[in-house]
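Enquirer: Curious how this folds, go ahead:
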Amino acid sequence: MKLIRIIILSLFIVSLLSCRALEEAVNQNFRQVRYFATSIREIERNKITFANGTLWKTDRLFIGVNMSPVFVVLDETRNRGWMYFRETKIGITQITADFFKYEDGNTNFLKSFQNDGAVIELADGSLWIVPVSQREMISTWFLNTEIIVNDEGNVLINPEKMEYISSVRLDTSIPE
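Expert: Next up is the predicted model:
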């Protein structure tokens, strides 16, 4: 009987921890971020100077080429986040306290393509019209890819591929 109580208690604790982990994951997935596109000016092992003059430290040894384009996504309140370089996500932290220009947005994830790519659905359930001229480009995007919606709500960004599409959000579902 004591063993059964211990097992039930253990399962309950694991269940609570799983719910908490899921809640934290959801909070991290739909979060306010800052972002900017730039290029690499100089690399020294795991320190990178961007074209905007800011100095950053990567979470691992970094090998790249000067003048390579990068896309940076930062936590809203800290100068820490990720740099996307050639479809690779690398953790970075700002070393200098220099001011630099950035944009604001919210993270989301690509859930599905509808109506032959005319509409995409994001993980939050929102639907977005894809202009005809940009449908071929987004056909290379993978499901569950991180997407940034700019604060104006008119641009969707795939930071991994450094691709942008102008879009309009739909308020209702479109039948397939």
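
Enquirer: CA only for contacts and neighbour counts going forward, please
Expert: Fine.

Enquirer: Now Leu61. Nearest residue, chain neighbours left out?
Expert: Asn46 (4.7 Å; Cα to Cα, 6 or more residues apart in numbering).

Enquirer: Kindly report the same for Gly105.
Expert: Asn150 (4.2 Å).

Enquirer: Identify the residues contacting the one you found.
Expert: 103-106, 156-157 (Cα atoms under 8 Å, 6 or more residues apart in numbering).

Enquirer: would TSV of those with neighbour count, pLDDT and distance to Arg86 be doable?
Expert: TSV is the format used below for those (neighbours: other Cα atoms under 10 Å; pLDDT from 0 to 100; distance: Cα to Cα, whole Å):
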residue	neighbour count	pLDDT	distance to Arg86
Glu103	12	93	21
Asp104	17	94	22
Gly105	22	95	22
Asn106	19	95	22
Leu156	22	96	19
Ile157	19	97	15
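
Enquirer: So which of the residues you listed are in strands?
Expert: When the contacts of Asn150 are checked against strands (DSSP state E), the matches are 103-106, 156-157.

Enquirer: can you give me the helices in this structure?
Expert: Here the chain has its helices, by DSSP state H, at 2-29, 135-138.

Enquirer: Quickly, which of those bottoms out on average pLDDT?
Expert: Sorting the helices of the chain by mean pLDDT places helix 2-29 lowest, at a mean of 55.

Enquirer: Not counting its neighbours along the chain, what's nearest the residue nearest to the spatial centre of the chain?
Expert: Note on the chain: the residue nearest the mean C-alpha position is Glu146, at 4.2 Å, using Cα atoms, centre = their mean. Residue nearest to Glu146 in three dimensions, not counting chain neighbours: Phe109, with 4.6 Å by Cα to Cα, 6+ apart.

Enquirer: Please list all residues in contact with Val155.
Expert: By Cα under 8 Å, 6+ apart, the residues touching Val155 are 149, 164-167.

Enquirer: In strands, which of those residues fall?
Expert: 149, 164-166.

Enquirer: Looking at these, which is nearest Glu76?
Expert: Closest approach to Glu76 among the ones in strands among the contacts of Val155 (Cα to Cα): Val149, at 14.0 Å.

Enquirer: okay, Asn52: pLDDT?
Expert: Reported pLDDT at Asn52 in the predicted model: 90.

Enquirer: Okay, it and Asp104: tell me how far apart.
Expert: Using Cα to Cα, to the nearest Å, Asn52 is found at 17 Å from Asp104.

Enquirer: Number of residues surrounding Asn115?
Expert: Neighbour count of Asn115, defined by other Cα atoms under 10 Å: 10.

Enquirer: Show me the strands in the chain, by range?
Expert: Using DSSP E, the strands assigned to the chain run over residues 32-44, 47-50, 55-58, 69-75, 80-85, 88-94, 103-114, 119-122, 127-129, 146-150, 155-158, 163-166, 168-170.
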